[in-house]
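J.: just to be clear, the model below is a prediction. Sequence and coordinates:
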Amino acid sequence: MTTADNAITQPHGTPDERLDLADMRRRLKAIFIGSVGNLVEWFDFYTYAAFALYFAGAFFPNENVVVQQLNAAVLFAAGFLVRPIGGWLFGHLADRRGRRNALMLSVALMCFGSLMIAVTPTYATIGIAAPIVLAVARIVQGLSLGGEYGTSATYLTEVADRRHRGFYSSFQYVTLIGGQLCAIVVLLLLQKVFLTAEELRAWGWRIPFVIGAALAIIAAVMRRSLHETEAFEAAKNIPQTQSSLRALFNYPREVLLVVGLTAGGTAAFYTYTTYMQKFLKLSVGLSDDQTTLVTFATLVFAMILQPIYGAISDRIGRKWLLIGFGVTGVLFTVPLLTALSHAKGPLAAFLLIAAAWMIVTGYTSINAVVKAELFPTRVRALGVGLPYALTVSIFGGTVDSVALWFKSIGDETGFYYYLTGMIAISLVVYLFMRDTKKDSAIDRHV
C-alpha cells in the first residue's frame, strides 16, 4: 500500500486530536440544545410584552391607552415577582438532581403557561375572571423563567472549556434576545402578511402563545438528549450535610455580589427590550409598523454584539467590560433617552438604541458567566438563580411599570435619572469586585 493509499484509509489526525474534536462537537451540541431551549422559554415570556399593545384592551377595558398598558405592565411585573420562587425551586433541583432534569422541567412548565394565555376568554366574556386567569398564567411562566436562568447559566458555563467560557456563555443572552426577536418576527408576519390590525386585536394575539407552547414541547424533547455536566457528575457523590439553601448562606458575599452587579444591568436591559416598544409608540410617536421594525433591527444588532463582547472578556477579563458598562451607562443614559424621545423618524431611533446596546452589552454578554464563576458546583445553580431572580423581580420586571408611571404623571425624564441611578449603584460593585476570569470557582465542587 502506498503512502497516499494509507493516508486515505487511516482516520485523519492523531488520537488526541480526534478526541479533542469529538469533545468540541459534544460541547457545541450541548450548548446548542441548551440555548435553543432558552430561546423558546424567552420567546414565550416575551410574547406577552410584544403583543401587549393588541390584547391589553381585551383584558383591561379602559379608554386610556396608557392606563391599559400600565395594567398589562403590572401583570408583566407579576411574572417577575414569582421568579425568586422558581430560582429557588429549580436551583435546588439542578444542584441536587442535575442540570438536565431542571432544564427539561422548566421548559415544560413554560408550555403550560403559554397554553393558558392562548385559551383564556376576554373580559367581555367572563368579566374579572379574565385578568385573574391571565395573572395565574403569568405566574406559571414566571416560575419557569425563574428556574431557567440560573440553570441554563450554570449549564452553559460548565460545558464550556476554560479558555472560551465568556464566548460560549454569551449565547444565553444571544438566545434570550433571540426569543424576543422571534416574538417580533411573529408579530411582523401577522401584521404584514396574515392579519389586519382589527383581527390582531380581536383574536390574532392568541396565535404566538399557541406557537410558543408547541415550541416548548419540542425543546423539552430535545433537552432529553443533553448529557449531564462533568462538574455536576464530579460533585454529586460528595456527601452533603446541609440543604442547598442553607449551604448558600455560607456564601453571603457572593450572593450580595450577584444582587449588586445585576441591579443596574437588568434595569437597563429591560428598558431597551420590553419597555422600548412602548416607548417608541407612546413617546417617540412611531407607527405600529415603524415600532416593530425598529425593535426588530435593534434586537438583531444586540444579538450580534453578545458573542463579540463575550470573546473580548476571555481576553481582557470580565471586570473591565462591567466597568465599561457602568461608566458609559452613568454618563450617557440621560442624553441617549432624551435624544431618543425627540428622534425624527425610525432611522434616528435605531441609531440611538444601537448606541445604547453598545453600552448595555458590557453587562448582558458576560453576566451569566460572572455569576457562575462565583460559586462552587454544589450551590452554583441556586447561587446564580435565586439572588438574580430576586434582583430582576425588583429592578427588572418593574421597569415598564416605573417608566409608565413617570409618564402618567407627566415626568418621563424622571425615569431616565432613575435608570442612571441604578447603573451607578452597580458600578460601585464592579469597581470593587474581583475579576472572576482570574479567580474562578468553576472547578471547585464544595
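T.: Noted; the coordinates are in hand. Numbering: from 1, shown residues only.

J.: quick check: closest non-adjacent residue to the residue nearest to the spatial centre of the chain.
T.: Closest residue to the average C-alpha location of the chain: residue 176 at 4.2 Å, with CA atoms, centre = their mean. Leaving aside its chain neighbours, residue 176 sits nearest to residue 42 (4.9 Å; criterion: CB to CB, 6 or more residues apart in numbering). Placement of C-beta: from N, CA and C, glycine included.

J.: that neighbour and residue 256, how far apart?
T.: Distance check for residue 42 against residue 256: by CB to CB, to the nearest Å, it reads 27 Å.

J.: who has more neighbours out of the two?
T.: Here residue 42 and residue 256 are compared on neighbour count by other CB atoms under 10 Å; more neighbours surround residue 42, at 27 against 12.

J.: from residue 152, how far off is that one?
T.: Counting by CB to CB, the gap from residue 42 to residue 152 is 10 Å.

J.: again with residue 39
T.: For residue 39, the distance to residue 152 equals 10 Å [CB to CB].

J.: neighbour count for these two, which is higher?
T.: residue 152 (31 against 23).

J.: any idea how far residue 118 is from the more buried one?
T.: Per CB to CB, residue 152 is found 24 Å from residue 118.

J.: name the helices or strands packed onto whichever strand or helix holds residue 184?
T.: Following DSSP states H and E, one finds residue 184 within helix 171-189. Under the contact definition 3 or more CB pairs under 8 Å, 6 or more residues apart in numbering; DSSP states H and E, helix 171-189 sits against helix 15-59, helix 129-159, helix 207-223, helix 288-316, helix 367-372.

J.: including distance to residue 432 and mean pLDDT, could those go into JSON lines?
T.: Formatted as JSON lines, the helices and strands packed on helix 171-189 follow (distance: least, CB to CB, whole Å; pLDDT from 0 to 100):
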{"stretch": "helix 15-59", "distance to residue 432": "31", "mean pLDDT": "70"}
{"stretch": "helix 129-159", "distance to residue 432": "23", "mean pLDDT": "82"}
{"stretch": "helix 207-223", "distance to residue 432": "38", "mean pLDDT": "85"}
{"stretch": "helix 288-316", "distance to residue 432": "18", "mean pLDDT": "90"}
{"stretch": "helix 367-372", "distance to residue 432": "14", "mean pLDDT": "87"}
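
J.: just name the most buried of the ones you listed.
T.: helix 367-372 (a mean of 28; mean count of other CB atoms under 10 Å).

J.: so which other helices or strands are in contact with that helix?
T.: helix 129-159, helix 165-169, helix 171-189, helix 252-271, helix 318-341, helix 380-391.

J.: switch the cut-off to 7 Å
T.: Helices and strands touching helix 367-372, by 3 or more CB pairs under 7 Å, 6 or more residues apart in numbering; DSSP states H and E, are helix 129-159, helix 165-169, helix 252-271, helix 380-391.

J.: so which of these gets nearest residue 105?
T.: Among the helices and strands packed on helix 367-372, helix 129-159 comes nearest to residue 105, with 7.5 Å by CB to CB.

J.: roughly how far is the closest one from the heart of the chain?
T.: 10 Å (CA atoms, centre = their mean, to the nearest Å).

J.: before we move on, what about stretch 26-43?
T.: With CA atoms, centre = their mean, you get 13 Å for stretch 26-43.

J.: kindly export that stretch (C-alpha atoms) in PDB.
T.: In PDB, the C-alpha atoms belonging to stretch 26-43 read as follows (Å, rounded to 0.1, in the frame of the first residue of the first chain):
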ATOM      1  CA  ARG A  26     -20.100  17.300  22.200                       C
ATOM      2  CA  ARG A  27     -19.800  20.700  23.900                       C
ATOM      3  CA  LEU A  28     -21.200  22.500  20.900                       C
ATOM      4  CA  LYS A  29     -24.200  20.200  20.700                       C
ATOM      5  CA  ALA A  30     -24.900  20.700  24.400                       C
ATOM      6  CA  ILE A  31     -24.600  24.400  24.100                       C
ATOM      7  CA  PHE A  32     -26.900  24.500  21.000                       C
ATOM      8  CA  ILE A  33     -29.600  22.400  22.600                       C
ATOM      9  CA  GLY A  34     -29.400  24.200  25.900                       C
ATOM     10  CA  SER A  35     -29.500  27.600  24.100                       C
ATOM     11  CA  VAL A  36     -32.500  26.500  21.900                       C
ATOM     12  CA  GLY A  37     -34.500  25.700  25.000                       C
ATOM     13  CA  ASN A  38     -33.600  29.000  26.500                       C
ATOM     14  CA  LEU A  39     -34.700  30.800  23.300                       C
ATOM     15  CA  VAL A  40     -38.100  29.000  23.400                       C
ATOM     16  CA  GLU A  41     -38.600  30.000  27.000                       C
ATOM     17  CA  TRP A  42     -37.900  33.600  26.400                       C
ATOM     18  CA  PHE A  43     -40.000  33.600  23.200                       C
END
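
J.: who touches it?
T.: 103, 106-107, 110, 144-145, 148, 152, 155-156, 159-161, 168, 171-172, 175-176, 178-180, 182-183, 212, 215-216, 219, 222-223, 225-227 (CB atoms under 7 Å, 6 or more residues apart in numbering).
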